[in-house]
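Colleague: here you go, sequence then predicted model.
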Amino acid sequence: MVECIDKALEACSGFLWGYILLFCLLGTHLYLTLVLRFPQRYLLRAMGYYFKRTGHGQISHFSSLMVSLAANVGTGNIIGVAVAVATGGPGAVFWCMVTGLLGMTTRYAECLLTLCHRRRDEHGQIVGGPMYVLEHGMHCKWLAVVFAVFTAIAAFGIGNLTQANAVSAVLRESALQVEPWVTGLILSVLVGTVLLGGLRGVARTCVACVPSMALLYLAGCVLVLAAHADAVWPAICLIMDSAFSPQAATGGFIGSTLMLAMRTGVQRGLFSNEAGMGSSPIVAAPVQTPNAVQQALVASTGPFWDTVVICTLTGITLTTCLYAEPSIAAADGSLLSFHAFGTIGALGSGMLTIALAAFVVSTLLGWSYFGERALQYLGGVKLITPYRVVWVAAVFVGSVIPKSGIVWNFADCANALMALPNLICLVALTPTLLQQTRHYLWGNRLDEVDPGIFLETAEREDVRDN
């Protein structure tokens, strides 16, 4: 039965992630980058707004970014990149990085639209996301419902089952030899406790954990690279060569085609930073900001840190280890990172284990909020508490599932189905993106207050719409 489910999900994932979705995803990234004149060039300026708190909202720019990164920076950066290298060869690392760079524009666009169409719920809390943009911006209620349904489902794939499954596998193989059920129980208790505090509780936890866990992981990568310093440059050259030509099976590598390298790299890039999926804009809605463009710029830095920095460094580290240590088995992508960090002994394995565990907890928290808001859109706030109960239970289930291929294929299918409505929305509302960007970004008015960003204006628009 398990084998049949795995094969069905694998076939569905292969179909969804064929040429059509790759074209839609990269095409939208590239289209928006050209139309919006490369907003990536404002990266440093965007970072300058991290700690500014002006305007109407519930959380700061930095808190929103940390929750977004908490959801994005997870097993996709470690296990996902390893799977990409094992499946698509070293060239997948390059295409993963390209997806991150181009995805910065898409994240900018989807967060900008979310701020333009955010609303209040029945308890007065600020909510938003592509479902509200689809309903109030495109006036396409049915597509908004489709997106919300896919988001609620995808949350259990990308943000829950895969995360718990990956960390339980690593802890089982580590020196600690923790049983999966123990990992599941501990994760469930931690996640359930934090969720009691709502958005602010999640935000406080992410602000405290995300920077430190990222620095710990990056330090581990640097130590591994330092231990194999002679192989670093050859590994980088191999990544670049493999990105544009078929890679023959040599040493610890498997052979791969150009299309396979591109497909796996783009696929894991999206899984990691989620640009174009429409998840991160959900946490951008409650931000304190004078205008939509300022927060959109801050949000656009997420894929840079997540994919361009962390995923690329992970890919270089793994490729370097495979180049220097041909005895490492590249076929099992789920444990490749563990074996690579293990080349520097218990220190490397310990750093990876701690970082991965922290990544998983933060991702579980971030995606729980995304799923909650999608379900709230469908049925109101009364569904939030039951959803949290199911969410915590799924954490335990994900930890004890023996076959990781099932949850990874499920996550890939859910990602694809979630991305399509959001990509349609981004292209259809290009005039709004241009109008806002032209006035605030190109016109150098990023600190100007936009009256339309306040909820009272949005509520008056609701009255006119009805």
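Modeller: Received, thanks.
Colleague: excluding its own residues, what touches stretch 393-406? List them.
Modeller: 2, 5-6, 9-10, 156, 160-169, 180-181, 183-185, 187-188, 191, 334, 364, 407 (C-beta atoms under 8 Å, 6 or more residues apart in numbering). Every C-beta, even on glycine, is put in place using the N, C-alpha and C of the backbone.
Colleague: so which of the residues you listed sit within helices?
Modeller: Those of these mapping onto helices are 2, 5-6, 9-10, 156, 162-169, 180-181, 183-185, 187-188, 191, 334, 364, 407, per DSSP state H.
Colleague: in ChimeraX, how would I select the buried members of the residues you listed?
Modeller: This is how ChimeraX selects the buried members of those, with burial counted by 16 or more other C-beta atoms under 10 Å:
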select :6,9,10,156,162,163,164,165,166,167,168,169,180,183,184,187,188,191,334,364,407
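Colleague: surely Ala296 touches Tyr108?
Modeller: Yes: counting by C-beta atoms under 8 Å, Ala296 does reach Tyr108; the two are 4.7 Å apart.
Colleague: mutual contacts of the two, please.
Modeller: By C-beta under 8 Å, 6+ apart, no residue touches both Ala296 and Tyr108.
Colleague: what's stretch 160-178 in contact with?
Modeller: Applying C-beta under 8 Å, 6+ apart, the set of residues contacting stretch 160-178 from outside is 74-75, 78-79, 179-180, 183-184, 187, 334-335, 337-338, 346, 349-350, 352-353, 356-357, 359-360, 363-364, 367-368, 391, 394-401, 404, 407-408, 410-411.
Colleague: tell me the buried residues within those residues.
Modeller: 74-75, 78-79, 180, 183-184, 187, 334-335, 337-338, 349-350, 352-353, 356-357, 359-360, 363-364, 367-368, 391, 394-401, 404, 407-408, 410-411.
Colleague: take those and keep only those in helices.
Modeller: 75, 180, 183-184, 187, 334-335, 337-338, 349-350, 352-353, 356-357, 359-360, 363-364, 367-368, 391, 394-400, 404, 407-408, 410-411.
Colleague: check contacts around Leu36.
Modeller: 105, 108-109, 433-434, 437.
Colleague: 7 Å instead?
Modeller: 105, 109, 433, 437 (C-beta atoms under 7 Å, 6 or more residues apart in numbering).
Colleague: what count of nearby residues applies to Ser385?
Modeller: No Ser there; residue 385 is Thr. Neighbour count for Thr385, taken as other C-beta atoms under 10 Å: 10.
Colleague: which ones among the contacts of Leu36 are found in helices?
Modeller: 105, 109, 433.
Colleague: about what we covered before: in CSV: the contacts of Leu36, plus neighbour count.
Modeller: Shown next, in CSV, are these (neighbours: other C-beta atoms under 10 Å):
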residue, neighbour count
Thr105, 28
Ala109, 34
Leu433, 24
Thr437, 22
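Colleague: flag the shaky bits of the stretch 351-466 of the chain, pLDDT-wise.
Modeller: 403-405, 407-408, 452-466 (pLDDT under 70).
Colleague: ok, so what distance separates the closest residue to Leu190 other than its chain neighbours from Ala394?
Modeller: Distances taken as C-beta to C-beta, 6 or more residues apart in numbering place Val361 nearest to Leu190, at 5.8 Å, with adjacent residues excluded. For Val361, the distance to Ala394 equals 14 Å [C-beta to C-beta, to the nearest Å].
Colleague: go on, Leu16?
Modeller: 22 Å.
Colleague: go on, Trp142?
Modeller: 28 Å.
Colleague: same question, Asp306
Modeller: Applying C-beta to C-beta to Asp306 and Ala394 gives a distance of 23 Å.
Colleague: could you give the number of residues near Val222?
Modeller: 12.
Colleague: helix or strand: which one has it?
Modeller: helix 198-227 (DSSP states H and E).
Colleague: same thing with Ala299?
Modeller: Per DSSP H and E: helix 292-303 holds Ala299.
Colleague: now that helix, how far from the centre of its chain.
Modeller: Counting by C-alpha atoms, centre = their mean, to the nearest Å, helix 292-303 is centred 15 Å from the centre of its parent chain.
Colleague: over to stretch 24-31?
Modeller: Here the centre of stretch 24-31 is set off from its chain's centre by 17 Å, with C-alpha atoms, centre = their mean.
Colleague: sorry, back to before: just give me the closest of the ones in helices among the contacts of Leu36 to Val67.
Modeller: Nearest to Val67 among these: Ala109, at 19.4 Å, using C-beta to C-beta.
Colleague: who's in contact with that closest one?
Modeller: Here Ala109 is in contact with 32, 36, 426, 433 (C-beta under 7 Å, 6+ apart).
Colleague: so it versus Gly315, what's the distance?
Modeller: Ala109 is 26 Å from Gly315, where distance means C-beta to C-beta.
Colleague: with Ala148 instead?
Modeller: Distance from Ala148 to Gly315, by C-beta to C-beta: 33 Å.
Colleague: which parts of the helix or strand where Ile239 lies count as buried, going by neighbours?
Modeller: For Ile239, the element it lies in under DSSP H and E is helix 229-244. Across helix 229-244, burial judged by 16+ other C-beta under 10 Å covers 231-232, 235-236, 238-239, 242-243.
Colleague: tell me the one of those residues nearest Arg41?
Modeller: Ala243 (23.6 Å).
Colleague: give the contact list for the closest one.
Modeller: Counting by C-beta under 7 Å, 6+ apart, Ala243 has contacts 91, 94-95, 261.
Colleague: kindly report the same for Arg263.
Modeller: 17, 22, 88.
Colleague: 6 Å instead?
Modeller: Arg263 makes no contacts at all, as judged by C-beta atoms under 6 Å, 6 or more residues apart in numbering.
Colleague: mind listing what's buried in the helix or strand hosting it?
Modeller: Per DSSP H and E, Arg263 falls inside helix 258-273. Within helix 258-273, the residues that count as buried by 16+ other C-beta under 10 Å are 258, 260-273.
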